[in-house]
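1. Sequence plus predicted model, see below.
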Amino acid sequence: MRTYPMLMTSSALVLLCIHAAAQTPDSAQRFFRKAQEKFAQGDLPSAAEDFSRAIEISSRLDSPKKNEGSSATAPFGLTAVAATQDIRVINPFTAKAYAGRGVVKFQQHFLDDAMADFNAALRIDPRLAAAYVNRGVIYRIKDDLKAAGADFDRAIWIDSKMFQAYTNRADVRLEKDDVDGALKDLERALSLKPSSAEAHSLLGFALLAKNDSDQAIASFNHAMQLNPQLASAYHGRGNANFRRAAFADAITDFTRALELNPELAFVYMNRGLTLMMTGEETRAQEDFDKCLELKPDLKPELAKRMELAKELRQPK
């Protein structure tokens, strides 16, 4: 069971830049650019609408029918992505428009709609690495680790310099307890983008899994320097402080993580456990209640950890 929050933020997704073939209508390109601008401004409904217009102008959908003539000619079946309908397009620009709209739908928390758009993008352009990364993020949220890992593998096979694929695959490998594999991915990710706060935070969790609390704290501190608003870094440092029995520091870190993101069920659980260790039963129970409100399926894990905390709790 994981002890750290998933990095399912906008930074986990890959945003695409416009790159159109000569035959792409100018109007489709304009709508694509407008969609990107509105996305950056936080106007998600308008961004989705403009991406839709770019899709409509640059493509047409046939009625559903069996996809014929596809065959896998590269690893992972890159030319044989499953489809429920054929999509005929003027050029691969349309795939990027679908992928762009998928990112918007993801940010709107419409995960199934986002998945459909990423699938559409990959039916048009099976070598669009960014769409594999983004679809893999959704599989990860849905706890389908096998599918998520396969999509990150595909993205890396297509584009070995896409650092988001390495950080997301490292997250999956940590969940599978493949710490060495995660460390290799993070080493590669940081070689591509040393300034990634998310990668440094994930590195901290991997080092915690190696029982290296001091180096883990150094990684979390570095992540905070790069991005003081990164909740996962505070959560991770809180875990490290808990292991060192620095309970007051751990509570401070967990509290800061929840100020930045109040939807992190695991942080409520870990802060509650820390409060138990200091004898603050009432506050601890409030955190446990909030944890289960956000994620009810954590109840068995929480019960197990509460029993362990009771055994370890220091005498008053």
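-> Thanks, I have the structure now. Residues are numbered from 1 along each chain as shown.

2. Relative to Ala240, how far out is the residue nearest to Phe288 when sequence neighbours are not counted?
-> Distances taken as C-beta to C-beta, 6 or more residues apart in numbering put Gly272 closest to Phe288, at 4.7 Å, once the chain neighbours are dropped. C-beta: built from backbone N, CA, C; applies to glycine. To Ala240, Gly272 is 18 Å away according to C-beta to C-beta, to the nearest Å.

3. same check, this time on Ala206
-> 12 Å.

4. what does Arg127 give?
-> Noted for Arg127: a distance of 41 Å to Ala240, by C-beta to C-beta.

5. next one: Lys295
-> Noted for Lys295: a distance of 23 Å to Ala240, by C-beta to C-beta.

6. mind checking pLDDT for Trp157?
-> At Trp157, the pLDDT value in this model is 97.

7. same deal with the one 10 residues further on?
-> Each residue has a pLDDT score; the one for Thr167 is 95.

8. Which other helices and strands does the host helix or strand of it contact?
-> Take DSSP states H and E as the rule and Thr167 turns out to sit in helix 163-175. On a contact count with 3 or more C-beta pairs under 8 Å, 6 or more residues apart in numbering; DSSP states H and E, helix 163-175 meets helix 129-141, helix 145-158, helix 179-192, helix 197-209.

9. rerun at 6 Å
-> For helix 163-175, the elements it packs on are helix 145-158, helix 179-192, helix 197-209, judged by 3 or more C-beta pairs under 6 Å, 6 or more residues apart in numbering; DSSP states H and E.

10. Now the helix or strand hosting Met224: buried residues?
-> Using DSSP H and E, Met224 sits in helix 213-226. Going by neighbour count (16 or more other C-beta atoms under 10 Å), the buried part of helix 213-226 is 213, 216-220, 222-224, 226.

11. Kindly calculate the angle that the helix holding Thr167 makes with helix 179-192.
-> 160 degrees (axes from the mean of the first three to the mean of the last three C-alpha atoms, to 10 degrees).

12. what's the angle from helix 163-175 to helix 129-141?
-> If you take the same axes, to 10 degrees, helix 163-175 sits at 20 degrees to helix 129-141.

13. What's the first helix or strand after the helix or strand hosting Lys105?
-> Assessed by DSSP H and E, Lys105 sits inside helix 93-107. As assigned by DSSP H and E, the chain's next helix or strand after helix 93-107 is helix 111-124.

14. Show me what that following helix is packed up against.
-> So helix 111-124, by 3+ C-beta pairs under 6 Å, 6+ apart, packs with strand 87-89, helix 93-107, helix 129-141.

15. thinking again about what came up before, now the helices and strands packed on helix 163-175 as JSON lines including mean neighbour count?
-> Formatted as JSON lines, the helices and strands packed on helix 163-175 follow (neighbours: other C-beta atoms under 10 Å):
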{"stretch": "helix 145-158", "mean neighbour count": "21"}
{"stretch": "helix 179-192", "mean neighbour count": "19"}
{"stretch": "helix 197-209", "mean neighbour count": "26"}
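
16. No further queries at this time; thank you.
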